[in-house]
Each structure stands twice: as structure tokens, then as C-alpha cells.
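Q: Here is my input; please provide its structure:
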Amino acid sequence: MTSKFRRGATVYTANGRSYVVDEVDDGVVYCSTPGGAETEFAEANLLTEAEWNARGDNKAGLIYARLRQARAYAAPPPKLDRAGAEQVLAKIERLMPGMLDYAAFTIAARILAEAGDAALASGLSIVKCREVFDAAAPELRASLVAALLATPPEALIGAGRLGDNLMRAMLEKGMAGQEADFEAFGDRKRE
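A: Modelled structure (predicted):
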């Protein structure tokens, strides 16, 4: 039976340590570290580079599951008017296209930063962040956007019931200091 491991190939253990294959004999893979230390493993305990990379893709999918379970999304929705929250979210989407995508992405990046995984934020998918955001109750989404805008949620929902000009002014005031980030975000590929 031929082995999937070849001499000179990089292999990985379950904990991510990499080794170079020196020889494969009867189900045992003899390896060495970059420092020259030699060791051996059963074939079943090693992953090829392709298998390891595929496993990494699964880890990326776990990020979004972690986001859904984060305190920001797992908290019970605040006691706000549900219809008002839905109305203000729709108005924000209409008056400032991309704002809710920006909010979803920014919230996800902040969650990762709080967990010590800020480096993962650059690889976040806008579409997947928005899916996590949209899965939350409207009251929770409205309160998260209000926090991003440094506005009390009740005031944001109240402004949603008034005219477009007041809502637009509130959005512009809340985004003061974030304009450059929002503009740069608009240039990101939506994936």
C-alpha cells in the first residue's frame, strides 16, 4: 500500500507542528524538524499540507459561529420598540447605503479584538458578518448601531420616526471621526 506522504513533503500534527518527511515505512512516518531533531509518527496521526490548509478553512468558518455567540450578539435584546427598530434600520439602509454592512463588519472586528484575535479581522467576509448581524433581533441590531454612532438607542429609534433630514444629520454626527474608515470600507470587495 502506498502512502500519501512523500519524502521531503511537509506534514502537520493535530496541534499544528510541522515536520519534513524523511522516510515512510510500514505505516510509520519518520520526520525531522527544521532544527534537525528526528521523530516518528503513525501515518494516521499526520496531515498533508493540503489537509492542513483545508482544516484552516474550517477554522475560518468557526469565526462566524464565535461571533454569533459573542456577548454583543448573545445578549438579550434591549426593551425597545421592535417596529421602531425595524423602521430605523430600514431608514439607515436607505439614507446611508452600506452603513449596516459597515456596522456589522466593525462590530465583528471589535469582537475579535476583544478576544485577542484582531489579526483575523482583515480576513472577515462582509457578507458573512452581515448574515450574523441580520440574524439578531431588530432591537439588538438597532442598539448595536446606536452604540457605534454613540447615540442612545431610544433617540435613534425616535429619530427613525421623524423626517429623513433629522435622521441623516444624526447619522453624520454619529459617524464623525469614522468617515475615513467608512470610505475605506466602501472600497472593500464585498465577499
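Q: can you map out the strands along the chain?
A: According to DSSP state E, the chain carries its strands in the segments 10-12, 18-25, 28-32, 38-42, 47-48.
Q: Which one, of the ones you listed, ends up nearest to residue 110?
A: Of all the strands of the chain, strand 10-12 sits nearest to residue 110, with 31.6 Å by Cβ to Cβ. Just so you know, the C-beta spots here come from the backbone N, C-alpha and C atoms, and that holds for glycine as well.
Q: Domain map for the protein?
A: Annotated domains of the chain cover 10-45, 57-186 [automatic domain parsing].
Q: Can you tell me which of those is packed in deepest?
A: For the domains of the chain, average neighbour numbers computed from mean count of other Cβ atoms under 10 Å are highest in domain 57-186, which has a mean of 16.
Q: what mean pLDDT would you report for stretch 118-133?
A: Mean pLDDT, computed over stretch 118-133, is 88.
Q: chain center to that stretch: distance?
A: 3 Å (Cα atoms, centre = their mean, to the nearest Å).
Q: on that earlier part again, which one of the domains of the chain lies closest to residue 51?
A: domain 10-45 (7.7 Å).
Q: mind checking which helix or strand of the protein has the lowest mean pLDDT?
A: Sorted by mean pLDDT, DSSP states H and E, the helices and strands of the chain end with helix 49-69, the least confident at a mean of 73.
Q: dump the residue contacts of residue 159.
A: 88, 166, 167, 170 (Cβ atoms under 8 Å, 6 or more residues apart in numbering).
Q: got the contact list for the first one?
A: Residue 88 sits next to 142, 156, 157, 159, 160, 161, 167 when contact means Cβ under 8 Å, 6+ apart.
Q: hmm, 6 Å instead?
A: 142, 156, 157, 160 (Cβ atoms under 6 Å, 6 or more residues apart in numbering).
Q: now the third one, nearest residue through space, not along the chain?
A: Meaning residue 157. residue 84 (4.1 Å; Cβ to Cβ, 6 or more residues apart in numbering).
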